[in-house]
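*Asks:* sequence? don't have it. structure:
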């Protein structure tokens, strides 16, 4: 570098660091690593869940509050009952199975501290779902139609409601026990009796 000819007066000295010209776009040809430009978006990292999933073998989703789960189960059950009323020949068997699946999913999707209501809601959800479906169909114009539209399917669903209640109660107890490992029914009964 020292014997290189320099046309500037004073000869060749130490090279000056490069500086951006007034026509520069802001990018340097030399120097250290470039940082992000002002106003540019940071690089996208791996997507993160806003709410982590619930822990447990029977948990589904991030865990919802029990009023939201109960209303959701009621709406889905009423929709299934309305479909049965519209196409009884095609979807008649799908309503009990769908109703059982909805009740089980409600217990799995609720937070463990609010599992009691979804675990015991199966008969109430069936009754209210049939009532809402009868109202939507317009069976309220005649009391006979309303009773037939609600209580006749309810009588046919008795065993399904019993199965749904037993399954959801056992599942709810397992979910509560998973969240509270030291809990036992006998211990809770003794503490209530001693209090």
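*Replies:* Looks like it came in fine. These numbers were taken from a predicted model, which means no experiment stands behind them.
*Asks:* what's near enough to touch residue 133?
*Replies:* When contacts are counted by CB atoms under 8 Å, 6 or more residues apart in numbering, residue 133 touches 78-79, 81-82, 84-85, 149. All C-beta spots, glycine's among them, are computed from the backbone N, C-alpha and C.
*Asks:* tell me which element it falls in.
*Replies:* Using DSSP states H and E, residue 133 falls within helix 122-137.
*Asks:* follow-up on the earlier one: by pLDDT, rank the contacts of residue 133 and give me the bottom one.
*Replies:* Lowest pLDDT among the contacts of residue 133: residue 85, with 73.
*Asks:* and the gap between that residue and residue 127?
*Replies:* Distance from residue 85 to residue 127, counting by CB to CB, to the nearest Å: 15 Å.
*Asks:* now residue 73
*Replies:* Distance from residue 73 to residue 127, by CB to CB: 13 Å.
*Asks:* And these two? Which one has more around it.
*Replies:* Per other CB atoms under 10 Å, whichever of residue 73 and residue 127 has more neighbours is residue 73, with 26 against 16.
*Asks:* which element follows the helix or strand bottoming out on mean pLDDT in the chain toward the C-terminus?
*Replies:* Ranked by mean pLDDT, DSSP states H and E, the helix or strand of the chain with the weakest confidence is helix 88-91, at a mean of 58. Once the chain leaves helix 88-91, the next helix or strand it forms, by DSSP H and E, is helix 94-109.
*Asks:* which residues sit against the helix or strand following that following helix?
*Replies:* Following helix 94-109 in sequence order, the next helix or strand is helix 116-119 (DSSP H and E). Applying CB under 8 Å, 6+ apart, the contact partners of helix 116-119 are 66, 69-70, 73, 103, 106-107, 110, 168-169, 171-173, 176.
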